[in-house]
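[1] I'd like to go over a predicted model; first the sequence, then the structure.
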Amino acid sequence: MASNPPGDCCTKGFRFEGEPTGKAIKVGQHDAYLAIPNASNAKDAAILIVPDVISIWQNSMLIADQFAERGYLTLIIDPFAGDALSLNRPSGFDFVHWLTKGSSGDNPHTKEAVDPIIEAAIKYLKEQHNVKKLGGVGYCFGAKYVARHFKNGIEVGFLAHPSFVEEEELEGFKAPLSIAAAETDSIFPAEKRHKSEEILAKNGQPYQINLYSQVVHGFSVRCDTSKKIERFAKEQAFEQAVTWFDTWLI
């Protein structure tokens with residue numbers, strides 16, 4: 001793997017302050033959130049966010065709104081069919097069972113279940129909003145599905161603290177890719193970052209891996225913004241993503 005499977009750290013974190021301004025919608029039967037830019041600064045491109053295991057919630061909606069403020073029509077899709085996890089699960093939670101079976105035991109969150117949801121989101125953006133240029137943002141769990149869906153129309157990618165991305169999935173992303181990594185991250189540790197560098201260098205596409213000090217897995221979406229170093233890393237990771245899309249997607 002280019003990154004390890006998700007774990008307990010994938011639900012730990014803090015809520016951001018703010019009031020989301022987008023709207024809850026349905027993409028087929030799936031929950032989604034759409035943030036629409038002002039006509040005055042709207043760009044000829046859209047962003048699909050594939051979120052972490054907490055899915056569509058306060059923090060991810062505020063981030064989608066930020067992308068919209070920068071001119072990008074932005075959609076978050078719920079890849080868990082309504083079975084997302086809550087913030088700060090108690091210790092001992094069986095993460096592997098949830099991934100493979102779902103909370104009910106018959107609702108898995110494997111690629112066989114998630115891929116069709118991502119495909120539906122891409123189709124929605126292209127058919128309902130006439131999107132011609134599409135960037136993908138993957139946080140933690142979502143990183144795998146940004147990598148997997150280059151073949152379905154994601155043209156530029158940004159991944160933050162990715163989890164369980166297979167090496168062949170990273171190799172298959174034949175497009176510009178930017179990664180934001182945490183200094184302390186058992187899921188995307190140094191050896192996985194270095195292996196990812198090797199793979200991306202061979203791909204021959206523009207790539208970037210930025211390492212943020214004194215932060216942990218999940219910092220870009222669940223950090224403690226009252227701490228200066230964490231707030232800085234979160235804000236810079238967002239700017240990293242926007243600059244990447246402004247350069248390679250527009």
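    Nice, thanks for sending it over. Residues are numbered from 1 along each chain as shown.
[2] buried residues in the longest helix seen in the chain, which are they?
    Longest helix of the chain, by residue count under DSSP state H: helix 228-248. Buried residues in helix 228-248, defined by neighbour count with 16 or more other CB atoms under 10 Å: E230, F232, A233, K234, A237, F238, Q240, A241, V242, W244, F245, W248. Where C-beta positions appear, they are placed from N, C-alpha and C, glycine not excepted.
[3] what's that helix packed up against?
    helix 58-69, strand 156-160, strand 177-184, strand 207-216, helix 219-222 (3 or more CB pairs under 8 Å, 6 or more residues apart in numbering; DSSP states H and E).
[4] re earlier: and the furthest pair within the buried residues of helix 228-248?
    Of all pairs drawn from the buried residues of helix 228-248, the greatest distance, 27.4 Å, lies between E230 and W248 (CB to CB).
[5] now do the residue of the chain positioned farthest from its centre, the pLDDT please.
    In the chain, counting by CA atoms, centre = their mean, S40 sits farthest out from the average C-alpha position, at 26.6 Å. Looking at S40, its pLDDT stands at 94.
[6] that one and A64, how far apart?
    The gap separating S40 from A64 is 19 Å, by CB to CB, to the nearest Å.
[7] try K23
    Per CB to CB, K23 is found 11 Å from A64.
[8] now for these two: what residues contact both?
    Shared contacts of K23 and A64 (CB atoms under 8 Å, 6 or more residues apart in numbering): Y33.
[9] the two: which is more packed in?
    Using other CB atoms under 10 Å as the criterion, K23 and A64 rank with A64 on top: 26 against 11.
[10] counting neighbours, what do you get for H149?
    If you count neighbours by other CB under 10 Å, H149 ends up with 24.
[11] now do G157
    For G157, using other CB under 10 Å, the count is 28.
[12] where exactly do the strands run in this protein?
    Assignment of strands within the chain using DSSP state E yields the ranges 23-27, 30-35, 46-50, 73-77, 134-139, 156-160, 177-184, 207-216.
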